[in-house]
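Engineer: With the input below, show me the fold.
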Amino acid sequence: MNDGTNQPAERDLVGGLEKGLKVIEAFDQERSRLSIAEVADATGLTRAAARRYLITLTHLGYMRHENKLFSLTPAVLRLGQSYLHSARLPRIAQPLLYRLAYSLGEAASVGVLDGDQLVCVAAVSAGQLVSGTLQPGTRVPAYCTANGRMLLASLPPEQIARFLDEAQPEQITQHTIVNKERLGLEIARARAQGYALVDQELELGLRTIAVPVRNFRGDVVAAMNVSVHANRLPASQLVERCLPAMIKIQVELNALL
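Structural biologist: Numbering: from 1, shown residues only. Down below sits the predicted model:
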């Protein structure tokens, strides 16, 4: 979340690049094929400008055009792969996640906060297919995930308050916490106890526990979780079984960052 400080001067920004990225971001799971008019509405561009950006992105291989509708091509994945291949966090976390996941026989992942979403940057399944969201590059709401809630808990109080004020939680499952007061209490609980526990709020059958990941300055830069299927492990046993192993890996990962 941006706190509004250290903003660059407008003269230093490349408006065309910003608008081109907005065009790419207009496409998602619900809007996989869009017309020029729909892209213009989603981005705030004129139709003429949206058309130029779409034609340019098609020329560069990031879009395809069929029956007046545009859609993304796999070339867009190169943008995300550039981060995963170049960033230190995924490269350092991956081998430690393997040790954690296979020591417990459960899935483990590391995620970072991007606005109000949790982005997975590294994951290991350990032979357990718990959730399709536990893959690098996937995005899920932060408020109903253990990693996301742990990262929200690590924000300054004023940013937590702003998040809660602006949040519009959706009832994804019958367990999802949508009441903002209760959500605030859960975030405060995670901050106080040093771990977050989420029980089937994102997906039925998915229970997750997360701890923060810090760099050498002590700043929280990510969160690490272990996910289990509800049929295999009751929520009451999740902390006792998983947290000690997670803390060991957490200490090692913090030392490397």
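Engineer: and stretch 88-105, C-alpha only, in CSV?
Structural biologist: C-alpha atoms of stretch 88-105 as CSV (Å, rounded to 0.1, in the frame of the first residue of the first chain):
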residue,chain,number,x,y,z
ARG,A,88,16.1,-12.3,-4.3
LEU,A,89,13.1,-13.3,-2.2
PRO,A,90,11.7,-16.1,-4.4
ARG,A,91,15.2,-17.5,-5.1
ILE,A,92,16.2,-17.5,-1.4
ALA,A,93,12.8,-18.7,-0.1
GLN,A,94,12.3,-21.6,-2.5
PRO,A,95,14.8,-24.1,-1.0
LEU,A,96,13.7,-23.3,2.5
LEU,A,97,10.1,-23.8,1.5
TYR,A,98,11.0,-27.3,0.3
ARG,A,99,12.5,-28.2,3.6
LEU,A,100,9.4,-26.8,5.5
ALA,A,101,6.9,-28.4,3.2
TYR,A,102,8.5,-31.9,3.1
SER,A,103,9.2,-31.9,6.9
LEU,A,104,5.5,-31.4,7.5
GLY,A,105,4.1,-33.2,4.5
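Engineer: quick check: mean pLDDT across that stretch?
Structural biologist: Mean pLDDT, stretch 88-105: 92.
Engineer: The chain should start at 58 in everything you say after this.
Structural biologist: Okay, residue one is now 58; in that scheme the one you just asked about reads as stretch 145-162.
Engineer: so how far is that stretch off the chain centroid?
Structural biologist: Put simply, stretch 145-162 sits 18 Å off its chain's centre (Cα atoms, centre = their mean, to the nearest Å).
Engineer: In it, which of the residues would be classed as buried?
Structural biologist: For stretch 145-162, burial by neighbour count (16 or more other Cβ atoms under 10 Å) applies to 146-147, 149-151, 153-154, 157-158, 161. C-beta here means a position set from N, CA and C on the backbone, and glycine is covered the same way.
Engineer: now, among those, which is nearest to Glu309?
Structural biologist: Nearest to Glu309 among the buried residues of stretch 145-162: Leu153, at 5.9 Å, using Cβ to Cβ.
Engineer: Quick check: which helices or strands does the helix or strand that contains that closest one pack against?
Structural biologist: Element membership for Leu153, per DSSP states H and E: helix 145-161. Helices and strands touching helix 145-161, by 3 or more Cβ pairs under 8 Å, 6 or more residues apart in numbering; DSSP states H and E, are strand 164-171, strand 174-181, strand 277-286, helix 292-313.
Engineer: run the last query once more with 6 Å
Structural biologist: In this structure, helix 145-161 makes packing contacts with strand 164-171, strand 174-181, helix 292-313, judged by 3 or more Cβ pairs under 6 Å, 6 or more residues apart in numbering; DSSP states H and E.
Engineer: which of the ones you listed sits most buried?
Structural biologist: strand 164-171 (a mean of 25; mean count of other Cβ atoms under 10 Å).
Engineer: That one to strand 277-286, inter-axis angle?
Structural biologist: Inter-element angle recorded for strand 164-171 and strand 277-286: 140 degrees (by axes from the mean of the first three to the mean of the last three Cα atoms, to 10 degrees).
Engineer: Which residues does strand 164-171 contact?
Structural biologist: 150, 154, 157-158, 175-182, 185, 187, 191, 204, 208, 279-284 (Cβ atoms under 6 Å, 6 or more residues apart in numbering).
Engineer: continuing past the regular element (helix or strand) spanning Arg109, what's the next helix or strand?
Structural biologist: Secondary structure from DSSP H and E places Arg109 in helix 104-116. Moving toward the C-terminus from helix 104-116, the next helix or strand (DSSP H and E) is strand 120-123.
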